[in-house]
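Chemist: Could you look at this predicted model? Sequence included:
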Amino acid sequence: MTPPPHNLARGEGVALWRQIVQVLEQAIASGQHAPGSRLPSEAELATRHGVNRHTVRRALDALSLRGLIRIEQGRGSFVAEDVVDYPLGPRTRFSEVIRAQNREPAGRILRVVEQPADQLVAEALRLRPGRAVLVVERLGLADGRPVVFGKHHFVLPRFQGVTAALEQDASITGAMKACGVADYHRVSTRLTARLPTTEEADLLQQGRSRPVMVAEALNADPEGRPVDFTLSCYAAGRVQIVIEEGG
């Protein structure tokens with residue numbers, strides 16, 4: 001059933017877009033719009049409130065900046081889901097983290113390619129710049145929603161078998177195990193924030209105006225040799241980074 005039009009108070013000192021923010025916020029808080037559900041389109045909201053689409057867009061942008069909704073280009077606006085706590089510690093495993101919060105983890109391998117190591121990757125993996133490394137681009141999902149886009153860099157030829165292993169299972173941990181690394185630990189993590197690229201925003205299903213949390217993470221085997229240097233982008237409003245003691 002379509003909700004009745006909401007009469008906005010005009011000429012009383014409160015901007016119309018702010019009033020629309022209040023209306024939508026109340027509807028979300030009351031459960032009228034459930035987490036993950038799609039909000040009415042800009043055109044529908046404009047008609048319902050008797051305003052132009054620019055006014056509606058400003059209200060939606062304000063809700064997006066506050067993390068209450070996410071705006072997906074070409075798809076519409078959706079109520080934000082519960083935030084995933086993502087702990088970063090000495091032993092971080094994506095599937096274990098997601099399952100611990102009663103969510104279903106999944107991984108999607110987007111690309112596997114050999115390329116020369118740039119200065120950042122080479123220093124992390126203790127290689128000469130320009131030496132070939134295996135790059136695995138992977139999208140991590142929780143309950144079918146993307147939460148992290150990662151670029152894993154593996155030393156060659158030690159991890160040449162990663163490609164074949166990932167064809168059977170999208171688990172990075174499983175692929176490393178297939179190459180003889182039964183366990184590994186986090187050596188360091190550097191966190192920054194920036195605006196996403198077009199590709200990152202599309203993969204994470206978020207607007208380009210919302211920052212992503214970027215992590216540079218180095219993992220090593222039990223002997224202390226670098227095995228994986230990962231650049232990860234975490235979806236804004238969908239993931240909360242938790243730094244564990246000793247992490």
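Modeler: That came through, no problem.

Chemist: Tell me which helix or strand Gln26 sits in.
Modeler: Taking DSSP states H and E as the criterion, Gln26 maps to helix 16-29.

Chemist: Where do the domain boundaries of the protein fall?
Modeler: Domain assignment of the chain by automatic domain parsing yields the ranges 16-79, 84-243.

Chemist: Point out the other helices and strands that the helix holding Gln26 packs with.
Modeler: helix 42-49, helix 53-65 (3 or more Cβ pairs under 8 Å, 6 or more residues apart in numbering; DSSP states H and E). Every residue, glycine included, has its C-beta placed from N, CA and C.

Chemist: switch the cut-off to 10 Å
Modeler: Packing contacts for helix 16-29, counted by 3 or more Cβ pairs under 10 Å, 6 or more residues apart in numbering; DSSP states H and E, involve helix 42-49, helix 53-65, strand 69-72, strand 76-79.

Chemist: Reformat those as TSV; add mean neighbour count.
Modeler: Formatted as TSV, the helices and strands packed on helix 16-29 follow (neighbours: other Cβ atoms under 10 Å):
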stretch	mean neighbour count
helix 42-49	16
helix 53-65	18
strand 69-72	21
strand 76-79	19
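
Chemist: Leu8: which of the domains of the chain is closest?
Modeler: Of all the domains of the chain, it is domain 16-79 that lies closest to Leu8, at 4.8 Å by Cβ to Cβ.

Chemist: what is the rounded mean pLDDT of the closest one?
Modeler: On average, the pLDDT along domain 16-79 is 90.

Chemist: Pipe the domains of the chain into JSON lines and attach distance to Leu8 per row.
Modeler: Formatted as JSON lines, these follow (distance: least, Cβ to Cβ, whole Å):
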{"stretch": "domain 16-79", "distance to Leu8": "5"}
{"stretch": "domain 84-243", "distance to Leu8": "25"}
